[in-house]
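Asker: Prediction below, plus the sequence it came from.
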Amino acid sequence: MKYLDEYRDPVLARRLLDELRQTATRPWRIMEVCGGQTHTLVRQGIDELLPAGMRMIHGPGCPVCVTPLETLDRAMAIAARPGVILTSFGDMLRVPGTDTDLLSLRARGADVRVVYAPMDAVRLAADRPDREVVFLAVGFETTAPANAMAVLHAARLGLTNFSMLVSHVLVPPAMTALLDDPDCEVQAFLAAGHVCAVMGWTEYEPIADRYKVPIVVTGFEPLDLLEGILMAVRQLEAGRAEVENQYVRAVRRSGNTDAQDAVRAVFRVTDRAWRGIGALPDSGLELADEYRQFDAARRFDVGGLCPVEDAECIAGAILTGARLPTDCAAYGTRCTPRHPLGAPMVSSEGTCAAFHAAGRTPARSTA
């Protein structure tokens, strides 16, 4: 990517760290909401370079990780049916369900295919009218517009063999749920820049005002994160609680209104279960009644599902920032990227995967 190196300049990084140390007078606790931000913080060691006592709390910003176990089990039950092609982004294939994962299911003969965009699944359905093509649609507000456009395109084509298994989640309700927890330690947020590129940041303003927490819309490169942390600390030190935008090169307050219109046309807000966290009201999206013919959960009756989480996995505590991966007794031994017990260890945005890739161990982790 052009101009990428300037956001990784070590000289500028040291200057931002120096300014942060000069600014911070208290051991502030800041949560980054996005899993991509978590990986940058851990991979670059930024969380270990912060002023003494300051801590980054890693939040539930991995869309793969929070996809409920029931959705995965349902996807696998659908994929196992004859005549079905189940399509998905690649990072979902190794996420463990109750008994297996999609990659193992494919090895046993199910037609599970990786696609790079939901429109690929629509084209596949158009090319294969003899097969039912299902797209596993997960993610935050970031991926919702593309999924909405796929449904709109399928409707225009009159496809009757295309459907989506939808498990979209929304960021603001998760933030308010965390802040409502009496044990919450979060004093400021770094909001995910790609979500805000779609939705803007007006939804965050009532949260900042109600809970008196600074929220800084932040990018994903090291300098983005260091500047976002500094902006949050400046607010905390000054006693302010506002929404500020660090990611000015990509985000504006109103977001992308065309994308928002597509999402509103195809989806409606609903309650959603978050894996490891539980049900949160008005925290997800489902297909609107006008597009219910594309709802794979309605189209395929897979019977009663009995999802069972691994008893040893502490994904819920990790996703809410209450625990670190290195607090888990199975971390790095019985739970590894090759043999994960939970989604945070296998997802490219999972906190456990970030810690494992960075070689973090219980003895040396100070995040």
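Answerer: Received the coordinates, thanks.
Asker: Could you give me the buried positions within stretch 65-81?
Answerer: By 16 or more other C-beta atoms under 10 Å, the buried positions in stretch 65-81 come out as 65-80. To be clear about C-beta, it is placed using only N, CA and C from the backbone, and glycine gets the same treatment.
Asker: which ones among those residues are found in helices?
Answerer: Judged by DSSP state H, those include 65-66, 69-79 as members of helices.
Asker: Quick check: of the residues you listed, which lies closest to Asp91?
Answerer: Cys65 (10.0 Å; C-beta to C-beta).
Asker: Now do the contacts for that closest one.
Answerer: Residues in contact with Cys65 (C-beta atoms under 8 Å, 6 or more residues apart in numbering) are Gly35, Arg275, Gly276, Ala315, Leu319, Gly342, Ala343, Pro344, Ser347, Glu349, Gly350, Thr351.
Asker: Top of those residues by number of neighbours, please.
Answerer: In terms of neighbours by other C-beta atoms under 10 Å, those top out with Pro344 at 36 neighbours.
Asker: you'd agree that residue is in a strand?
Answerer: No: according to DSSP: H, G, I helix; E, B strand; the rest coil, Pro344 belongs to no strand; its state is helix.
Asker: Now do the helices in the stretch 51-200 of the chain.
Answerer: For the stretch 51-200 of the chain, the helices defined by DSSP state H, counting those that start in this stretch cover 63-66, 69-79, 102-107, 118-127, 144-157, 171-180, 193-199.
Asker: closest to Arg29 out of those helices?
Answerer: So among these, helix 171-180 is nearest, using C-beta to C-beta, at 11.9 Å.
Asker: If you count neighbours, what's buried in the closest one?
Answerer: By neighbour count with 16+ other C-beta under 10 Å, helix 171-180 contains the buried residues Val171, Pro172, Pro173, Ala174, Met175, Thr176, Ala177, Leu178, Leu179.
Asker: ditto for stretch 246-264
Answerer: Buried residues in stretch 246-264, counted by 16+ other C-beta under 10 Å: Gln246, Tyr247, Val251, Gly255, Asn256, Ala259, Gln260, Ala262, Val263.
Asker: Now render these as TSV, adding pLDDT and secondary structure.
Answerer: Output for these, formatted as TSV (pLDDT from 0 to 100; DSSP: H, G, I helix; E, B strand; the rest coil):
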residue	pLDDT	secondary structure
Gln246	98	coil
Tyr247	97	coil
Val251	97	coil
Gly255	97	coil
Asn256	97	coil
Ala259	97	helix
Gln260	97	helix
Ala262	97	helix
Val263	98	helix
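Asker: mind giving me CSV with these and columns for distance to Leu50?
Answerer: What follows is the buried residues of stretch 246-264, written out as CSV (distance: C-beta to C-beta, whole Å):
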residue, distance to Leu50
Gln246, 17
Tyr247, 20
Val251, 24
Gly255, 30
Asn256, 33
Ala259, 34
Gln260, 35
Ala262, 39
Val263, 36
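Asker: I'd like to know which of those is nearest to Ala197.
Answerer: For the buried residues of stretch 246-264, the nearest to Ala197 is Val251 (5.1 Å; C-beta to C-beta).
Asker: correct me, but the closest one touches Val198?
Answerer: No: using C-beta atoms under 8 Å, Val251 is not in contact with Val198; the gap is 9.2 Å.
Asker: Max pairwise distance over the buried residues of stretch 246-264: which two?
Answerer: Longest span within the buried residues of stretch 246-264, C-beta to C-beta: Gln246 and Ala262, 26.7 Å.
Asker: Show me where the chain has its strands.
Answerer: Using DSSP state E, the strands of the chain run over residues 29-32, 55-58, 84-88, 111-114, 132-139, 162-169, 188-192, 215-218, 243-245, 267-274, 278-287.
Asker: Show me the one of the ones you listed that comes nearest Glu237.
Answerer: Nearest of those to Glu237, taken as C-beta to C-beta: strand 188-192 at 10.8 Å.
Asker: which helices and strands sit right next to that closest one?
Answerer: Judged by 3 or more C-beta pairs under 8 Å, 6 or more residues apart in numbering; DSSP states H and E, strand 188-192 is in contact with strand 29-32, helix 35-43, helix 171-180, strand 215-218, helix 222-238.
Asker: coming back round to it: and of the buried residues of stretch 246-264, the nearest to Leu93?
Answerer: Val263 (25.7 Å).
Asker: Glu141 is in contact with that closest one, correct?
Answerer: Yes: applying C-beta under 8 Å as the test, Val263 and Glu141 come out as touching, 7.4 Å apart.
Asker: Just name the lowest-scoring one in the contacts of Cys65, pLDDT-wise.
Answerer: pLDDT across those is at its lowest for Gly276, which sits at 75.
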